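K.L.:
Sequence plus predicted model, see below.
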Amino acid sequence: MQRINIIIPTFNRAGLIVNAVNAALRQSYPNKQITIIDDGSTDDTRQVLTPFFRHPDVVYIRLARNMRTAQAKNTGIALSKADAITFHDSDDLPMPDKLLMQARTLFSTSVVTDRSLNWATFGCELHRTISISLVLTEHELVRRDGTRLVVQHALSMVDDFFPNMQGGSGQSGDWILINAGLFDAQIFVRHGGYRDCLEEDRELRNRLMMTGEVIHLIPQVLLSKFEYDDSLTVAQSSNYYSERRLQDRAAIWNDIAQWQRGAEIAAQPIDLSDIEIDFISNPEMLAVSEAMMTPSTRDRLQQQLHSAKTA
């Protein structure tokens, strides 16, 4: 049975992280690993997670400094031995069968390049059977005011490409989650990891679309996502209308404009050449992966992992 790595990046969420880890452990898919990336938290995150340090399915990695969400995710990718990877935020609560349903789709479903669709756009021959690379699901968003929104606006996946294709939801933030998808680990070998920005999920989604990766959406709510005052999409410095996100979004839209003019889509080799890891709870469960990364990153991670294993 294929191994799945549930990567949970977290920063100063001591009050939420235990629930997130327990929810990951309750996933009905049996062959799983939970990798917690503590992105330099200054609260009691390490202390509240100490009971998990001896758990055979849990790895805790503490970074010496805050590297932001995209680089925390890249750390998990770069040190994963699993066949597939998913990401759960510390304020996400997945349904118990989420991973199982995604895994059955990813590992047991394929797509035929039928002549009714324009597969030539991505250089695919007709009548070929190709594998799915990413499985997404619908989710429920619980806002700070207690109101709930079921996010099933599938057209939102292509709104960067076709803003004129409206689904009629009228809701800001009605977007299918990318980070909670189940990724075939080979995606990160072919395309690298996350861009180091606030819109890392959006950028990766678009890159995978433009390079022809097959993406499947399960039309079922399998995750609850909760908004808090310190959520990145809510905080003033990083919300959807912050200057930082506006700049990131402009760069992403420029990528699309270049692609529409025929430009090749560049991969994003993971660059963690300056990473400092303070502590790893179960280092024997990790290895430097085959994901695309810079040579200096590979060397640095091998050094850090060797130090943790011999400590």
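P.N.:
Yep, it's here. Numbering: from 1, shown residues only.
K.L.:
So what's the residue count around Thr297?
P.N.:
23 (other Cβ atoms under 10 Å). C-beta: built from backbone N, CA, C; applies to glycine.
K.L.:
That should have said Asp229, apologies.
P.N.:
7.
K.L.:
That one: what secondary structure?
P.N.:
coil (DSSP: H, G, I helix; E, B strand; the rest coil).
K.L.:
What sits closest to it if chain neighbours are left out?
P.N.:
Leaving out its chain neighbours, the residue that sits closest to Asp229 by Cβ to Cβ, 6 or more residues apart in numbering is Arg144, at 6.8 Å.
K.L.:
Against Glu227, how distant is that neighbour?
P.N.:
For Arg144, the distance to Glu227 equals 5 Å [Cβ to Cβ, to the nearest Å].
K.L.:
if you count what's nearby, which of those two comes out ahead?
P.N.:
Neighbours were counted for Arg144 and for Glu227 using other Cβ under 10 Å; Glu227 has more, 16 against 11.
K.L.:
so the more buried one makes contact with Leu141?
P.N.:
Yes: assessed by Cβ atoms under 8 Å, Glu227 is found in contact with Leu141 at 7.0 Å.
K.L.:
could you pull out the helices for the chain?
P.N.:
17-25, 45-49, 69-78, 98-108, 186-191, 200-210, 243-260, 295-310 (DSSP state H).
K.L.:
Could I get the buried residue list for the first one?
P.N.:
In this case it means helix 17-25. Going by neighbour count (16 or more other Cβ atoms under 10 Å), the buried part of helix 17-25 is Ile17, Val18, Ala20, Val21, Ala23, Ala24.
K.L.:
Who are the packing partners of it?
P.N.:
strand 4-10, strand 32-38, helix 45-49, strand 92-94 (3 or more Cβ pairs under 8 Å, 6 or more residues apart in numbering; DSSP states H and E).
K.L.:
The last one: partners in the sheet, and parallel or antiparallel?
P.N.:
Put plainly, it is strand 92-94. The strands beside strand 92-94 in its sheet (DSSP bridges) come out as strand 215-226 (antiparallel).
K.L.:
what's stretch 14-33 in contact with?
P.N.:
1-6, 8, 10, 13, 34, 36, 41, 43-45, 47-49, 52, 55, 57-59, 82, 88-94, 96-100, 103, 228, 285 (Cβ atoms under 8 Å, 6 or more residues apart in numbering).
K.L.:
end to end, how far does it reach?
P.N.:
21 Å (Cα to Cα, to the nearest Å).
K.L.:
again, but for stretch 90-102
P.N.:
20 Å.
K.L.:
And the contacts of it?
P.N.:
For stretch 90-102, using Cβ under 8 Å, 6+ apart, the contacting residues are 4, 6, 8-10, 13, 16-17, 19-20, 23-24, 26-29, 32, 86, 88, 135, 137, 180-182, 218, 220-228, 231.
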